[in-house]
Structures are given as C-alpha cells and as structure tokens.
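Novice: fold the following.
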Amino acid sequence: MIRSPDNDKLKTIRKLQQKRWRAKLGLFSAEGEDLVDAAPAAQFVLRAGVDVEPELLNAVSTLASGTRVIGVYRQRWTDPEGDLLVYLHGVEDPGNVGTIIRSAHALADAGVVLGPGCADPYSPKAVRASMGSIFAKPPARAGLGEIGARPLALDPDAERDLAGADLSPPLVLVLGSERGAIPEGLETARIPVHADSLNVAMAATAALYEVERRMRGHA
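Specialist: Down below sits the predicted model:
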C-alpha cells in the first residue's frame, strides 16, 4: 500500500498531466473504472484502498470529485490507413478531439488523423472524452498530403450539402476548428442546420453517420 506522496508512481502520474512529460515519456494516464476496464495492459494501475491511500490518489487526480483508479499506459500511434479517415486541422480543444475519436470508432470503425495545431489526444480531457476508443483506435499523425485518399472538407459555407457529395471510398473527412480555416483548394460540403453552426465534434458525428450509411449501400 502506497502511503507517501513521494512514491515514484504518484510522481509519474503528476508528470503526465503536462504535455511535455507525456511526449518525453511516451506515456499517458486514464482515470476511472470504465476507462481502465476498457484498456489493454497497463504500465501500472493504482486502485484506491488497494494499492494506494485514497487521499493520495485523489491528490493526483484531474477530476474534481477525485477517482477510484488511475492507470498509466504507453501511447500508441497508427498509420493513416483505411477506406474512411477523419483528418483534424487545428482542432485545439482536447474534449472535441477525444469525442471525434470516439464517434469515428463507434459509427464507422474509422481512424482519426491529427494535422497541425491539434490538441494532444493523450491529454486527460481527451482520453476521458474518447471513452476508451483511444485504446481501440489509436490516432495517427500526418499531413493531409501524406494520406492516400480523396479529401472532402466540411465547410458551413459550402454550396453543396453532404448528402449530394461523392462519398465513395477511400475518403478523408477534413474538419477544422469552429473559428479556424480548413486547408485551401479542397472539395467541400456542408451539413444543413437551422442554427448558425455545429460544434466540430457534433459535425464530425453527423458526417460520419451519413458517410458510413452511404458506404454500406443504404442510401
């Protein structure tokens, strides 16, 4: 039972709250029983009252309410391959990045590729938002020109609706931040909405549902 805040495992968890340490160590942490249960083999797992005093685990938690378990895992990165990918350009909010990883996995078993200016998908907020999909479908890092599939950018100002676009595979859905620009010169389509715009994670989810439906031949 760990009873000292100076324990090396607790020190590691504290370090992993910072991006530079996550990059240096190639590790990340996941909190909560659902995430840890969905994860592959860990570097180590600490459970409150079993491996560590509960107050010490709460002290290194990023959750306001504290936590019952924290696992530390090796970061995994994949190659940008598949009939359907989601490419993120300048999506800075880690919650959106994690949610898109979850939606891509759940709706289309698709991978997410992180372009320039994106949040760290292994930050605590992104890992929580992925709800375990970060383990099942690890992200890739690449420039758009490195992906061997036709890009289609979601743009609220596009003239054509997504339903009328060519969604044949292999396809890369390109999304930018709500206030940021997408790469120039791409084919574009929009999701018709009654409000001004959709959050980027909501837009990705709606688009993935439509693309997967069409690719399965249910249009």
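Novice: going forward, measure contacts and count neighbours with C-alpha atoms only.
Specialist: OK.
Novice: run through who's touching the worst-scoring helix or strand of the chain on mean pLDDT.
Specialist: Scoring the helices and strands of the chain by mean pLDDT, DSSP states H and E places helix 33-38 at the bottom, with a mean of 91. By C-alpha atoms under 8 Å, 6 or more residues apart in numbering, the residues outside helix 33-38 that reach it are 30, 68-71, 128, 131-132, 135.
Novice: could you dump the residues you listed to a markdown table with neighbour count and distance to residue 209?
Specialist: Below are the contacts of helix 33-38 laid out as a markdown table (neighbours: other C-alpha atoms under 10 Å; distance: C-alpha to C-alpha, whole Å):
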| residue | neighbour count | distance to residue 209 |
| --- | --- | --- |
| 30 | 28 | 28 |
| 68 | 19 | 35 |
| 69 | 24 | 33 |
| 70 | 24 | 33 |
| 71 | 22 | 32 |
| 128 | 23 | 22 |
| 131 | 19 | 18 |
| 132 | 22 | 20 |
| 135 | 17 | 21 |
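Novice: find the pair from those residues with maximum spatial separation.
Specialist: 68 and 135 (20.0 Å; C-alpha to C-alpha).
Novice: would you map the strands across this protein?
Specialist: Assigned by DSSP state E, the chain shows strands spanning 27-31, 44-47, 69-74, 84-89, 111-114, 140-141, 150-154, 171-176, 187-189.
Novice: wait, which of those strands is closest to residue 215?
Specialist: strand 84-89 (9.3 Å).
Novice: which helices and strands does the closest one pack with?
Specialist: strand 111-114, strand 171-176 (3 or more C-alpha pairs under 8 Å, 6 or more residues apart in numbering; DSSP states H and E).
Novice: could you list the buried residues of the longest one?
Specialist: Within strand 171-176, the residues that count as buried by 16 or more other C-alpha atoms under 10 Å are 171-176.
Novice: do the same with stretch 79-97
Specialist: By 16+ other C-alpha under 10 Å, the buried positions in stretch 79-97 come out as 80-97.
Novice: likewise stretch 99-107?
Specialist: By neighbour count, with 16+ other C-alpha under 10 Å as the criterion, the buried positions of stretch 99-107 are 99-105, 107.
Novice: again, but for stretch 3-19
Specialist: Neighbour count says stretch 3-19 has 5, 10, 12-17, 19 buried, by 16+ other C-alpha under 10 Å.
Novice: quick one: contacts of it?
Specialist: With C-alpha under 8 Å, 6+ apart, stretch 3-19 has contacts from 21-22, 27-29, 52-53, 56-57, 60, 62, 72, 120, 123-124.
Novice: whichever of the residues you listed end up buried, select them in ChimeraX.
Specialist: Entered in ChimeraX, the line below selects the buried ones among the contacts of stretch 3-19, by 16+ other C-alpha under 10 Å:
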select :21,22,27,28,29,52,53,56,57,60,72,120,123,124
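Novice: wait, which of the contacts of stretch 3-19 is closest to residue 202?
Specialist: Comparing those against residue 202 with C-alpha to C-alpha picks out residue 120 as the nearest, at 19.1 Å.
Novice: per-residue confidence for that closest one?
Specialist: Per-residue pLDDT puts residue 120 at 98.
Novice: ok, and the closest non-adjacent residue to it?
Specialist: Excluding the flanking residues, the one nearest residue 120 by C-alpha to C-alpha, 6 or more residues apart in numbering is residue 94, at 6.5 Å.
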